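Colleague: Structural data only, the sequence is not supplied:
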């Protein structure tokens with residue numbers, strides 16, 4: 001069942017600034033080494049669930065990413081051990097890392113954590129699992145995301161600044177990666193805003209063919225409740 005992804009996940013580790021053009025579009029600086037942040041597993045929105053809920057007062061952005069589903073415990077991985085890194089992956093997913101951009105921008109200016117900007121419920125729609133056999137080389141996939149009829153993101157995972165073995169090595173020297181954890185590998189250029197009523201569609205291709213199990217289609221709606229963005 002798709003909901004097992006959320007049930008089996010103890011943490012979601014997200015790699016920041018791993019595509020050069022995305023760094024440029026947000027006026028960020030290139031990191032000297034991979035860096036990462038966390039999303040809670042409660043943010044995961046499994047296939048068939050939805051909508052993505054936009055919290056009141058937020059500027060909501062999409063970021064399409066290739067996600068890794070960890071299949072074993074990994075600690076202090078050698079960054080040159082490509083086989084060890086790929087063997088530790090159970091499967092792949094397509095994911096959309098939703099971000100409350102104005103919340104994040106304020107946090108960055110004030111030196112505060114980004115947790116709120118990334119951590120709302122529904123802020124990580126994911127596809128069905130993609131078997132490793134369907135994606136023999138995860139650095140040779142093509143990601144797409146559209147909003148309505150407009151294509152917004154379309155780039156190859158070959159553009160990653162830091163490849164997956166290095167990412168897993170950097171994470172695992174800080175915190176143990178556990179079976180079921182998700183690792184989001186970064187987003188290419190083209191991120192932007194969505195509003196209530198927008199429908200996001202994301203897909204992944206390999207060797208020129210779309211992987212049916214890697215599709216996401218989800219609507220955005222405004223979130224009801226007590227949260228409303230205000231300056232920290």
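Modeller: Good, I have the coordinates. Computed from a predicted model, the values in this text were never measured in an experiment.
Colleague: Would you point out the helix or strand in the protein whose mean pLDDT is lowest?
Modeller: helix 20-25 (a mean of 82; mean pLDDT, DSSP states H and E).
Colleague: Buried residues in the first helix or strand past that one going along the chain, which are they?
Modeller: Sequence order places strand 35-39 as the next helix or strand after helix 20-25, per DSSP states H and E. Within strand 35-39, the residues scored as buried using 16 or more other Cβ atoms under 10 Å are 36, 37, 38, 39. C-betas here are computed from N, CA, C, even on glycine.
Colleague: what does strand 35-39 rub up against?
Modeller: The contact list for strand 35-39, computed with Cβ atoms under 8 Å, 6 or more residues apart in numbering, reads 11-17, 97, 114-115, 118-119, 123-124, 167, 170-171, 184.
Colleague: So which of the residues you listed are in helices?
Modeller: 115, 118, 119, 167, 170, 171 (DSSP state H).
Colleague: who touches the first one in this structure?
Modeller: To tie it back to what came earlier, the one meant is residue 115. Contacts of residue 115 by Cβ under 8 Å, 6+ apart are 37, 38.
Colleague: rerun that using 6 Å as the cut-off
Modeller: Shown in contact with residue 115 (Cβ atoms under 6 Å, 6 or more residues apart in numbering): no residues.
Colleague: And for the closest residue in space to residue 42 that isn't next to it in sequence, the neighbour number?
Modeller: Nearest non-adjacent residue to residue 42, counting by Cβ to Cβ, 6 or more residues apart in numbering: residue 121, 5.9 Å away. Residues within reach of residue 121, counting by other Cβ atoms under 10 Å, total 15.
Colleague: State the distance from the closest residue to residue 23 other than its chain neighbours to residue 95.
Modeller: Nearest residue to residue 23 in three dimensions, chain neighbours excluded: residue 17, at 5.0 Å (Cβ to Cβ, 6+ apart). Using Cβ to Cβ, to the nearest Å, we find residue 17 at a distance of 17 Å from residue 95.
Colleague: Pick out whichever of these two has more residues nearby.
Modeller: A count of neighbours by other Cβ under 10 Å puts residue 95 above the other of residue 17 and residue 95, at 29 against 18.
Colleague: Now do that one, the pLDDT please.
Modeller: Looking at residue 95, its pLDDT is 98.
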